[in-house]
Structure formats: C-alpha cells, structure tokens
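Q: Attaching a predicted model along with its sequence, questions to come.
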Amino acid sequence: MKTLCFAYPGDLETPTGGYGYDRKVIAGLRDLGWQVDLVSLGDGFPFPSQSTLAKARELFARVPDGGRLVVDGLALGVMDEAAAEQAERLDLIALVHHPLCRETGLSPDQAAELFQSERKSLTHARHVIVTSHATSDQVTDLFAIAQKDITVVLPGTDIPAPVSRAASGTTRLLSVGTVVPRKGYDLLLAALADLAELDWNLDVVGGLDADPDCYSALQAQVVDFGLSDRVTFHGAVAPKMLPDFYRSADVFVLASRYEGYGMAYTEALAYALPVIGSGGGAVKDTLPPRASVYCGTEDIDSLRQALQLLILDEGRRRDMSAAARISAAQLPSWRDAATQFALSLEAGDA
C-alpha cells in the first residue's frame, strides 16, 4: 500500500477553503488506496509559539527515514529550519494554497519575515503542489522555484442537485469566507452603502475569530452605514449547513483582495448562483464570463455597479444562473483532484 504522512496546522475540521481542500484530498487519496497518516502540528500558524514550533519539529523527526511527508504551506512556510533538517531524509512535499507573505494586513516586517522563511522552506521540498496556475506563477516569481518542480492540482467541486429558486422581492446576497481583511468585506459594505434604497439583504458565512479587530471594524462599519437590519454575520457553520445558504441565495458576492484559488466561487457556481468576484488572476481565471461579473481588486465603483445590476435585473440573474450550472459541470471533481495529487506524489518514485 502506498503511504504518506499529511501534516497540517491547527484543526483539520476548520471550515475554510484551505482546510476543506486538505480534507477532500485526504479522503480522495484514501479512496484510491493510499494510507494517509495525519500529523497535527499545533495551533497558531503562521505565527506559532516557540514551544509549538519545537513540537512540530519533533513530529517531523518522527517520520520514518524515506517517508513521504506532505505539509500544508500554512505551517511549512515558517518551518524552514525543520525542512532543512529533514530534506535529505524525507520525501518532502509542500502544499501551497497561497504565499503567506501575500496575506492582507501584514506589517512590512511580518511580510518580509514570512517571505524569507517560506523561500527557504520551499527550496528544501522535493516538489511543490499548488491549487491554481496563478499561485504556480507566484511561487516561481517570488521564490524562484522552477515550474518543473511545481504541480497545479485544482480543487474539485461537488455538484448538487439542481436548485429551484422562487422569485421574491428581496434579493438575497451571500458571501462566504473567513472574516479577515483579505476577504474584502469592508469593500463590499462600502459598495452596498450606496445601494440602501434597493431591496436586498446580505448573509456573511465565515469564522469570526481569526481577526477580532477586523470583525469589530466591520460591525462598526455596518452601524455607520445604517445597514444593521440588512447584514447578518453568521460566523462559521458546519459543512452540512452551508448548502442551505447557497440554496436560499440569489447572488454570490465576495470582494476579495487576493485568493490563491477561491473555492467559494466555484461552490457558488455549482449551486447555479450568479457570481460577483475579485481577487486577482486566480479568481479571474476561475470565473466564467457568462456566469459572473469580475471586478478589479479594491474597485468599489465596479463592485457597486455589479451589485446594482444583479439586484435589479432578475432576468439577468436567471440567465447567469443557467450559465453557472453549465460552467460548474465542466469543473474537476474531487476524485479528479485526488487522482492528480496522487500522480504528482508518485512522480518522485521513478
């Protein structure tokens, strides 16, 4: 039986796109006959305590000689010393969702420190797996990792049963993503503030604990804009509850400043939702033009125009919904993703 250790930071059940990718790939590899041993590296990444980092290094050292070790980049990016220690002994594979130094809200010193540690870590990996072509290009441009040493494994998408949406007077907007500056909720609220005369409401689904200051600022923004009765922050929800939000929505909108891929966008397409998005090349490459409106990063005017269009024009929403369903059928499945992931792991066996 083919085996590997999969090391990850924090709680694997955390309801974010990155952890969701990890869970799906692990399950898919197991379905393909792989033995996947899970290694939890502890909390606090990418800024772990020294004790957490020391324990994580010990866990790396426990992997048997010659063992295949896949490490989520949220942890590996700050484990350059451990990577250097184990590179000759292990088959080390980096899984990079997006470069850590590109996270919104970092201080210049934090970004510089993360850049240096991630660059060093990735040079010690035998291979790097990324979740989008845009991230592949960034890993090469930022860290000088050759393209031949990178494999793009796009996330899969589960296609639900067709959704029937009853028309209503209120346009139901949905945004899904952890409440952090990178997700651009402040931009979305600013755009919606000028559309208060229209009939809409916004549901935001995503963890509230990652950046309490960001959440507090957004709550204040909602009050300042007079949107308290229009915007609801639901926090993180169990995976089995998330489909209900997609089914009850009319439009999906996420004003991200940056995304390594943007799984929430493709999930929305699978539920036949018209999509408004931003977030750089990975998102622009993912969104089909007939089913979406792509707005430039931090372009509040474009965001406002797109929202106004889809709030007012039910016929346009209906056409985009049909296009979303067609586009979603062409996306890779999670079995496709797991199969490609496995092939990239096996490439080093030759």
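A: Structure received.
Q: So in the chain, where's the weakest helix or strand by average pLDDT?
A: Of all helical and strand segments in the chain, the minimum by mean pLDDT, DSSP states H and E falls on helix 281-286, at a mean of 86.
Q: And it, what does it pack against?
A: With contacts defined as 3 or more CB pairs under 8 Å, 6 or more residues apart in numbering; DSSP states H and E, the packing partners of helix 281-286 are helix 133-143, helix 263-270. C-beta coordinates here come from the backbone N, C-alpha and C atoms, glycine included.
Q: Return the set of buried residues in that helix.
A: Neighbour counts over helix 281-286 (16 or more other CB atoms under 10 Å) mark 282-284, 286 as buried.
Q: do stretch 248-258 as well
A: The neighbour-count check on stretch 248-258 (16+ other CB under 10 Å) flags 249-258 as buried.
Q: Ser175 looks like it's in a strand, true?
A: Yes: according to DSSP: H, G, I helix; E, B strand; the rest coil, Ser175 belongs to a strand.
Q: What about the buried residues of stretch 248-258, which are in strands?
A: 251-254 (DSSP state E).
Q: Please convert those to JSON lines, extending it with distance to Cys214 and pLDDT.
A: Shown next, in JSON lines, are these (distance: CB to CB, whole Å; pLDDT from 0 to 100):
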{"residue": "Val251", "distance to Cys214": "23", "pLDDT": "98"}
{"residue": "Phe252", "distance to Cys214": "21", "pLDDT": "98"}
{"residue": "Val253", "distance to Cys214": "18", "pLDDT": "98"}
{"residue": "Leu254", "distance to Cys214": "15", "pLDDT": "98"}
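Q: would you turn those into CSV with distance to Lys240?
A: CSV is the format used below for those (distance: CB to CB, whole Å):
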residue, distance to Lys240
Val251, 23
Phe252, 19
Val253, 23
Leu254, 21
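Q: nearest to Leu92, of these?
A: Nearest to Leu92, judged by CB to CB, of those is Leu254 at 33.1 Å.
Q: and the closest one, what does it touch?
A: By CB atoms under 8 Å, 6 or more residues apart in numbering, Leu254 lies in contact with 175-177, 183-184, 188, 262, 264-265, 276-279.
Q: make it 6 Å
A: By CB atoms under 6 Å, 6 or more residues apart in numbering, Leu254 lies in contact with 175, 177, 264, 277.
Q: List the neighbouring strands of the host helix or strand of Cys5 plus their orientation.
A: Element membership for Cys5 (DSSP states H and E) is strand 3-8. Note on strand 3-8: by DSSP bridges, its sheet partners are strand 35-40 (parallel), strand 68-72 (parallel).
Q: between those, which gets nearest to Pro99?
A: Within the strands paired with strand 3-8, the stretch nearest Pro99 is strand 68-72; the backing value is 13.4 Å (CB to CB).
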